[in-house]
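Asker: Here's a sequence, model it:
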Amino acid sequence: MKLLALFWIFFRLGLVSFGSVFAVLPELQRALVDQGFVTPEGFLQAFVLGQVVPGPNMAMCAVIGWQVAGLAGALVAFVGIYSGPVAIMGAAYAVYHRWREVTWVRRLELAMRPVVLGLLAASAASLMWTAAGTRHVLALGVAVLVGVLAVKTRLGALSLMFAGALAWSAGQLLS
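Answerer: Presented below is the predicted three-dimensional model:
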């Protein structure tokens, strides 16, 4: 019964936590701590561990499951947090696959490309600006160089990242 309750908590919160556990962190803490699954300290430890390990921060859910019921709890928490979003994405893919040749779906897809590219560019610029520290001019120069290479050549993403890393390293040596 404990495993079923644990699964239900993670499943229901997994349905609304696409991309991150941060959106549901208060509700997750309330549900797990108030029902006595974990202590506040145990919840905090699992959260910190989820931030430290590589991969999605949802890793904390398996850690909490482990704290509650060992390996079975970890598996139940993992399946609970991921099964809802995976099912939704599978259904969305099936619908898209069926309707992808419809004119308005193609137009919507084409219209979304600049939005997605803009969001990716904004995220990259924000991270770059923060990582550059006091070397903002160098960061802008590297970004322009990589942008020009992306437009004027057929280099792939890995090659562009390598070129950017080389340009950044050369710029640091010269300054």
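Asker: What residues does Ala91 make contact with?
Answerer: For Ala91, the contact set (Cβ atoms under 8 Å, 6 or more residues apart in numbering) is empty. In this view, the C-beta of every residue, glycine as well, is placed from N, C-alpha and C.
Asker: Val102 too?
Answerer: Taking Cβ under 8 Å, 6+ apart as the definition, Val102 has no contacts.
Asker: Could you do Trp99 as well?
Answerer: Neighbouring residues of Trp99 by Cβ under 8 Å, 6+ apart: Val105.
Asker: pLDDT weak spots in this structure?
Answerer: Filtered on pLDDT under 70, the chain yields the residue ranges 18-19.
Asker: Got the domain ranges for it?
Answerer: 2-99, 103-174 (automatic domain parsing).
Asker: most neighbours per residue, which of those?
Answerer: Highest mean neighbour count among those (mean count of other Cβ atoms under 10 Å): domain 2-99, with a mean of 16.
Asker: Quick check: end-to-end length of that domain?
Answerer: 42 Å (Cα to Cα, to the nearest Å).
Asker: Just give me how far it sits from the chain centre.
Answerer: Chain-centre distance of domain 2-99: 14 Å, with Cα atoms, centre = their mean, to the nearest Å.
Asker: Ala150 and Gly156: what is the separation?
Answerer: Distance of Ala150 to Gly156, given as Cβ to Cβ, to the nearest Å: 10 Å.
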